[in-house]
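Q: take a look and give me a structure for this.
(one chain, ligands or ions: 1)
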Amino acid sequence: MSSPIANKEKGAVKKALINFHQKASHNHRVDLLAKMIGAIIGKLFPNDNNIKCIDIGCGDMTIAENIKLKNNNTNWTCIDIYPLPEELQGEEKWEKYQEFDGEHIPFDDNHFKASVFCDVLHHIPGDLIMNVKEAARVSEYVIIKDHFEKSLYSRTMLQLMDIVGNWGYGVSIPERYFSRKRFEALVETCGLEIVEIHPEISLYEHNPLFNAILRPGWQFIAVLRKKV
Ligand SMILES: C[S@@+](CC[C@H](N)C(=O)[O-])C[C@H]1O[C@@H](n2cnc3c(N)ncnc32)[C@H](O)[C@@H]1O
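A: Below is the predicted model of the structure:
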């Protein structure tokens with residue numbers, strides 16, 4: 001990710017990693033994921049001119065902003081666990097941003113049509129039940145982009161990618177990622193069901209190095225809703 005709200009004190013190594021990640025993958029990643037998530041939201045609400053959405057763990061808000069560029073009928077609230085730095089307060093761009101405690105989403109039941117966790121859940125320690133239930137409480141659909149680990153190799157590579165992409169911003173590196181079974185168990189425990197899943201995403205076709213060591217099956221997007 002790339003975020004002016006996280007970890008302001010960066011050393012030389014962290015700055016170098018951030019620069020490398022920006023050049024190697026960030027823009028392409030945001031573009032592709034925004035396209036996919038935007039298409040999903042557009043398909044869920046084809047005739048809606050004002051689709052209220054919330055980006056939970058928004059980072060620099062580029063995912064929400066890129067979806068908005070492609071789907072102008074979406075309106076975004078962005079929340080994350082960091083306070084807005086003083087120098088950004090009053091900036092129009094950040095008006096849609098709100099700090100929260102990382103658990104309780106400060107909105108009424110069903111306030112939104114869709115909530116999005118984009119590469120957020122694997123950074124939250126614990127069982128995640130509270131986090132996912134909160135998203136389902138405030139929205140009709142919960143859209144999750146995250147990783148599946150399939151072996152020690154995939155776990156190690158995903159950890160390395162998280163170090164390159166996120167450690168520079170002070171985001172914690174996970175000990176493990178979802179297996180398909182653990183993800184489905186979480187969905188079930190939260191009283192939700194998977195209505196759509198994209199179990200493979202080719203995020204790194206543009207980068208020969210990343211493309212050689214990373215697999216599309218380690219990236220997924222799932223769409224969840226409450227069980228009826
Ligand atoms: C890898 S970044 C992803 C940022 C953005 N969603 C994106 O895809 O570019 C993970 C984000 O999760 C946020 N985060 C960490 N713990 C969280 C929690 N309990 N609830 C919501 N967000 C959290 C971090 O602050 C960080 O912005």
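Q: the lengthiest helix in the chain and the ligand in contact?
A: Longest helix in the chain, counting residues (DSSP state H): helix 27-44. No - judged by CB under 6 Å from any ligand atom, helix 27-44 and the ligand are separated, with a smallest distance of 6.5 Å. The C-beta positions use only the backbone N, C-alpha and C, and glycine is treated the same way.
Q: give me the contact list for that helix.
A: Helix 27-44 is contacted from outside by 51, 53, 62-63, 66-67, 69-71, 73-74, 113-114, 116, 118, 141, 143, 145, 196, 198, 201, 203-204, 206-207, 221, 223, using CB atoms under 8 Å, 6 or more residues apart in numbering.
Q: mind listing the helices for the protein?
A: Here the chain has its helices, by DSSP H, at 12-21, 27-44, 62-70, 129-138, 152-165, 180-189, 208-213.
Q: mind telling me which of the ones you listed the model trusts least?
A: With a mean of 61, helix 12-21 has the lowest mean pLDDT of these.
Q: right, and Asp146 touches Ile124 too?
A: No - using CB atoms under 8 Å, Asp146 is not in contact with Ile124, being 10.7 Å away.
Q: just put the helices of the chain in TSV and tack on distance to Val171.
A: Formatted as TSV, the helices of the chain follow (distance: least, CB to CB, whole Å):
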stretch	distance to Val171
helix 12-21	11
helix 27-44	15
helix 62-70	15
helix 129-138	15
helix 152-165	8
helix 180-189	20
helix 208-213	19
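Q: reformat those helices as TSV; add distance to Gly102 and mean neighbour count.
A: Formatted as TSV, the helices of the chain follow (distance: least, CB to CB, whole Å; neighbours: other CB atoms under 10 Å):
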stretch	distance to Gly102	mean neighbour count
helix 12-21	22	14
helix 27-44	22	18
helix 62-70	18	20
helix 129-138	8	19
helix 152-165	18	16
helix 180-189	17	15
helix 208-213	30	11
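Q: nice, that's everything, thank you.
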